[in-house]
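**Student:** Need coordinates for the following:
(chains A and B)
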Amino acid sequence: MNLGQARAILDLAHSAFISMDEEGRITYWNIRAEEIFGFTRAEAVGRVLADTVIPERLRKTHWEGLRRFFQTGEGPVLNKRLELSALRSDGSEFPVEITISALAEQDGWSFHAFVADISERAQAAQEHQRLLDELQLALSGTEQRLAVIVDALGEAVTIRGRDDRLIHANRAALDRLGLASVEELRQADPRLLMSGWETVAEDGRELRMEDLPSVRALRGEEPEPLMMRSVERSTGEEHWVLLKATPIRDASGSIEAAVTIIEDVTTAKRSSLRMEFLARASQVLASSLDYQETLRNVAGLAVPQIADWCGVDLFDDEGEREQVAVAHIDPGKLEMAARLRAFEPEQLDPEQGLGLVMRTGEATLYNDIPDELLVAAAVDEEHLALLRAVGMRAVLMVPMVGRTRTIGALTLVSAESGRTFDQGDVEFAGQIAERAALAVENARLYSERSEVARTLQASLLPEALPELPGWEIAALYRPAGHESEVGGDFYDFWEVEGDWLMMIGDVTGKGVGAATVTSLLRHTAWAASEFDSRPAEILGRVDGALKRRPSLSVCTALCLRLSLGRGTLASGGHPLPLHLGEHGVSEVGRHGTLLGAFSDVDWPEVPFEMQPGETLVAFTDGVTDAVGEDEERFGLSRVKEILAATQNESAMLIRERLVAGLDEFQVGAQADDTAIVIMRFTGVEATSGGDGKISGARGTRVA
Amino acid sequence: MIRGSPFEIHTDLNGDAATLTLAGELDMATAPRLEEAVAAVLAKGAREVIVDLSGLAFVDSSGLRLIITLNDRAAAEAWTLGLIRPSARSFSVFQITGADQNLPFIEDDRSP
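**Tutor:** Alright, predicted model coming up:
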């Protein structure tokens, strides 16, 4: 997924999303940002971020942080939730929660932030603090007075006595605890009461009664507010609550009770967790074209904050599923998933589960999965035992919708956390699935392109090298760069009038454009050789064909006509072949003008002779232009050196030596296409009457 | 990939005569910059464009193709292109491709 596409989705996001470049200028501003800050996208993009949304007193810190990041690579504020002040277009300040991430792109760093307006949350927090202070001041008196005031509050408030038992709770708190009256509360064992919930801190640490702020306040500590996730065991309902406690002292000053205000922050907390997850998932999804790995990474991010299990399945056209990812925080449990998978059919049932999601393209949610459902789904006892061991509480499956069909599904499972999923979860999972689907389709599109390129490339090269009597042939073709691109080098062998023609060349450019020219070249050369198989004539025809193209199409090409022990050649701007014989290595032929470029040119045709054991090596400039240390080029002299050391070796072996020499020399990625053709005259006796023709050749014309 | 010596163009516009002095490697990556530089001086009224090749460490087929294109354009648009002082390394490419016989290489009448 490229950044542009990622941004298209971010426009749909519920949080403000802002991007900034290295200079600190705003490069992206989504619809929510327009709402929160009061600047339109057109107004915001291009402006300096600091001058737009950061209060003046914080700007210096912003610039220093940016500078430090560039100098040291350290970004202590990155990838964590921060609470800061921000500026609206009317100059008013408001509190925001912000998560910033930095992305290394080709032309430098970019910075991205999710921003949520938390004015309401901040106001509520202030309000609570004021309430606590007032309570503490006003309530030095009796329990009854305390109860009266507490009951009047809309907030959930509990009072815990010296013996840790809860002695009072107002209506809101009783409802939260699922109790009918204060009497019931007073009689309950506080530990037993708490055991009805699974309670964990933000970091996943299990919370015991001793960790509660009220209990700590009773011990004389000054506890910080506690963010707690509680899942009611009986219903699976999940809540995030912020607990704040303050001690109540009697006349003598000793602590007689502790008051707790329970603020339900579920909505805010979930949205911030989701925001965090989406920010990371978007990054992961945009980071690679290996979608399988990407999906595994996203699934890994989802646990355990979003769900206990996260799985991703892809569907093919025939409705078969492929499980791409399954994640759980405990690796031991993954083994269980693998065993479970063995029981599931490849072909999905369109009436239930993933099959239903695939057929309808709609999310499916099962909350409170009863044992009967497991019994019905299990194929045998072992399967049932496994299903029970997973302990599924709820399952949410959302479709990954592609351009033309549902390409897969994201599955979230709640098990040991005991929580159930709600509509918010369905929508959120839908957003992740949407991003994931886009990432998968992009990656597939890319690999399809690569496949097209490979096929096209293959059509431009001989399927197999022909066997020429008296000659031993070896060749190499290595395109440079991305596999989705077609190279511009080519070579070909074909038979004409009992002789063989060899052509090697280099078309400027890459890709489909270059492939078209290469194809034109080959066909023109084949057709031309039917009338006149002299290399210079063939080059002339190709030159003419190139000039008839509407835009400048140039290429270099070398054409050889091989007979037994001799031949002729002409070069159209192509490096001359090297002759390797008893007396060393030397260039054969004369330079000629490249094809398709100039008018009034012709090509010198040069005859040559070969003794048995002698070799001709033709190549493209990818060989001589290969880049080594300190930008040094491989050069013709190195090619000659390697060849000089290969006296009497087979064509295959000479090829291996050249490749080894190039690989050893080359630094970094291969910059240019590389083609090499090696023709060694072995000098087996002619099968014909000594006319020099290679008749009876077993090779087929390559077309 | 990143290659060492950076490609640079120094432009000197004097009336309707422009001299573009190239340094570094003229290849697929850098050829568009030369094309832009030529377009820029033409836009400013240059009718004679001299390209100084003495600082070129390397020319690939894309670079060569651009120079051929510029030569064709000069003929069609009635301005003149001149190539001066080719470095040994760049000239070998022009020789191998026969472009030395077909492109407007001219003697440099200035002191080197």
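**Student:** residue contacts, the residue of chain B found nearest chain A?
**Tutor:** Proximity of chain B to chain A (C-beta to the nearest C-beta) peaks at B:G98, 3.0 Å away. To be clear about C-beta, it is placed using only N, CA and C from the backbone, and glycine gets the same treatment. With contact taken as C-beta atoms under 8 Å, 6 or more residues apart in numbering or on different chains, B:G98 is in contact with A:573, A:591-594, A:598, A:601.
**Student:** filter those residues by proximity to chain B?
**Tutor:** The subset of the contacts of B:G98 within reach of chain B, by C-beta under 8 Å from any C-beta of the partner chain, is A:573, A:591-594, A:598, A:601.
**Student:** Dump these into JSON lines; add pLDDT as well.
**Tutor:** Formatted as JSON lines, those follow (pLDDT from 0 to 100):
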{"residue": "A:G573", "pLDDT": "93"}
{"residue": "A:H591", "pLDDT": "93"}
{"residue": "A:G592", "pLDDT": "93"}
{"residue": "A:T593", "pLDDT": "94"}
{"residue": "A:L594", "pLDDT": "93"}
{"residue": "A:F598", "pLDDT": "90"}
{"residue": "A:V601", "pLDDT": "89"}
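**Student:** If I look at A:I9, what pLDDT would I see?
**Tutor:** The per-residue pLDDT reported for A:I9 equals 45.
**Student:** Farthest-apart pair in the contacts of B:G98, please.
**Tutor:** Largest separation among the contacts of B:G98 by C-beta to C-beta: A:H591 and A:F598, giving 13.6 Å.
**Student:** secondary structure element for A:A515?
**Tutor:** When secondary structure is defined by DSSP states H and E, A:A515 falls within helix A:511-531.
**Student:** Now the element after that helix, going C-ward?
**Tutor:** Secondary structure here is assigned by DSSP H and E; on that basis, the next helix or strand after helix A:511-531 toward the C-terminus is helix A:535-547.
**Student:** now that following helix against helix A:511-531, angle please.
**Tutor:** Relative orientation of helix A:535-547 versus helix A:511-531 (axes from the mean of the first three to the mean of the last three C-alpha atoms, to 10 degrees): 140 degrees.
**Student:** Please put the alpha-carbon coordinates of helix A:535-547 into PDB.
**Tutor:** Output in PDB follows, covering the C-alpha atoms of helix A:535-547 (Å, rounded to 0.1, in the frame of the first residue of the first chain):
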ATOM      1  CA  PRO A 535      25.000  -9.200 -41.000                       C
ATOM      2  CA  ALA A 536      25.400  -5.700 -42.300                       C
ATOM      3  CA  GLU A 537      22.300  -6.100 -44.400                       C
ATOM      4  CA  ILE A 538      20.300  -7.300 -41.400                       C
ATOM      5  CA  LEU A 539      21.500  -4.400 -39.300                       C
ATOM      6  CA  GLY A 540      20.400  -2.000 -42.100                       C
ATOM      7  CA  ARG A 541      16.900  -3.500 -42.100                       C
ATOM      8  CA  VAL A 542      16.600  -3.200 -38.400                       C
ATOM      9  CA  ASP A 543      17.900   0.400 -38.500                       C
ATOM     10  CA  GLY A 544      15.200   1.200 -41.100                       C
ATOM     11  CA  ALA A 545      12.500  -0.400 -39.000                       C
ATOM     12  CA  LEU A 546      13.500   1.600 -35.900                       C
ATOM     13  CA  LYS A 547      13.500   4.800 -37.800                       C
END
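**Student:** Just the buried residues of that helix, please?
**Tutor:** Taking 16 or more other C-beta atoms under 10 Å in any protein chain shown as the neighbour-count basis, helix A:535-547 is seen to contain the buried residues A:535-543, A:545-546.
**Student:** Please name the bridge partners of the residue nearest the centre of chain B.
**Tutor:** Residue closest to the average C-alpha location in chain B (C-alpha atoms, centre = their mean): B:V51, at 4.0 Å. Partner residues in beta bridges with B:V51, using DSSP bridges, are B:L20, B:L83.
**Student:** pLDDT score for it?
**Tutor:** Note on B:V51: pLDDT of 96.
**Student:** residues touching it, list them.
**Tutor:** Applying C-beta under 8 Å, 6+ apart, the residues contacting B:V51 are B:19-20, B:22, B:34, B:67, B:81-84.
**Student:** what do you get for A:Q283?
**Tutor:** A:101, A:103.
**Student:** Doesn't it belong to a helix?
**Tutor:** Yes. Secondary structure of A:Q283, determined by DSSP: H, G, I helix; E, B strand; the rest coil: located in a helix.
**Student:** separation between it and chain B?
**Tutor:** The gap separating A:Q283 from chain B is 25 Å, by C-beta to the nearest C-beta, to the nearest Å.
**Student:** same check, this time on A:V115
**Tutor:** Separation of A:V115 from chain B (C-beta to the nearest C-beta): 36 Å.
**Student:** which SS class is that residue?
**Tutor:** The assignment at A:V115 comes out as strand when based on three-state DSSP.
**Student:** For beta bridges, what are the partners of it?
**Tutor:** According to DSSP bridges, the residues that bridge with A:V115 are A:A16, A:I98.
**Student:** thinking it is in contact with A:A16, fair?
**Tutor:** Yes. The pair A:V115 and A:A16 passes the contact test of C-beta atoms under 8 Å, sitting 4.1 Å apart.
**Student:** In chain A, which residue sits nearest chain B?
**Tutor:** As assessed by C-beta to the nearest C-beta, chain B sits closest to A:T593 within chain A, at 3.0 Å.
**Student:** tell me the SS of that residue?
**Tutor:** coil.
**Student:** And for it, nearest residue in space, chain neighbours not counted?
**Tutor:** Excluding its sequence neighbours, the residue lying closest to A:T593 (C-beta to C-beta, 6 or more residues apart in numbering or on different chains) is B:G98, at 3.0 Å.
**Student:** So for that neighbour, what's the pLDDT?
**Tutor:** Model confidence at B:G98, expressed as pLDDT, equals 89.
**Student:** and A:G24, backbone torsions?
**Tutor:** When quoted as degrees, to the nearest 10, the phi and psi of A:G24 stand at phi 90, psi 10.
**Student:** and the gap between it and A:V48?
**Tutor:** Counting by C-beta to C-beta, to the nearest Å, the gap from A:G24 to A:V48 is 5 Å.
**Student:** ok, back up a step: overlap in contacts of A:V115 and A:A16?
**Tutor:** Applying C-beta under 8 Å, 6+ apart, one finds that A:V115 and A:A16 are jointly contacted by A:33, A:36.
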